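Undergrad: Predicted model and sequence below, questions to follow.
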Amino acid sequence: MDWSARHGGYDTADSWTARRLRTVRQQIRRALDDAPAGPLKVISLSAGDGRDLLHVLAGHPRRHDVRARPVERDARNAEAASEAARRAHLDGVEVVTGGASLVDRCQDLAPAHLVLI
């Protein structure tokens, strides 16, 4: 499976993946809006290129409160997520390349306020 190419469906506005992405982004935004004041910890497992979480964080007023750890096995997707975080100046985001089943990748963020799987 080419996990990087699999994300192509997100670019077709009426595809099921694009509709799913819009729904996930709405839920992330709601979770950030409803979270208590102060620092927030977010874990995103099998994060892909980060277009769900990072897109929301880039324009969210709580962006500087968030410490996030997207974990992605596919190196191309992880690099794309890292680049997106850099471009959006999301200093609290640390993208990790590796399998989501390895809990040591996120242990320091547990318990988290938001977990995306």
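TA: Looks like it arrived, so ask away. Residues are numbered from 1 along each chain as shown.
Undergrad: Report the secondary structure element holding A18.
TA: Using DSSP states H and E, A18 sits within helix 16-34.
Undergrad: average pLDDT for that helix?
TA: For helix 16-34, mean pLDDT is 94.
Undergrad: Could you do stretch 95-103 as well?
TA: Mean predicted lDDT for stretch 95-103 stands at 88.
Undergrad: would R51 count as being in a helix?
TA: No: R51 is assigned coil when assessed by DSSP: H, G, I helix; E, B strand; the rest coil, not a helix.
Undergrad: pretty sure it contacts A88?
TA: No: counting by CB atoms under 8 Å, R51 sits too far from A88 to count as a contact (11.5 Å). In this view, the C-beta of every residue, glycine as well, is placed from N, C-alpha and C.
Undergrad: Could you check how far the helix or strand containing V115 is from the centre of its chain?
TA: For V115, the element it lies in under DSSP H and E is strand 114-116. Distance, stretch centre to chain centre, for strand 114-116: 9 Å (CA atoms, centre = their mean, to the nearest Å).
Undergrad: likewise stretch 78-98?
TA: On CA atoms, centre = their mean, the centre of stretch 78-98 falls 9 Å from the chain's centre.
Undergrad: For the protein, identify the residue most remote from the centre.
TA: D14 (21.9 Å; CA atoms, centre = their mean).
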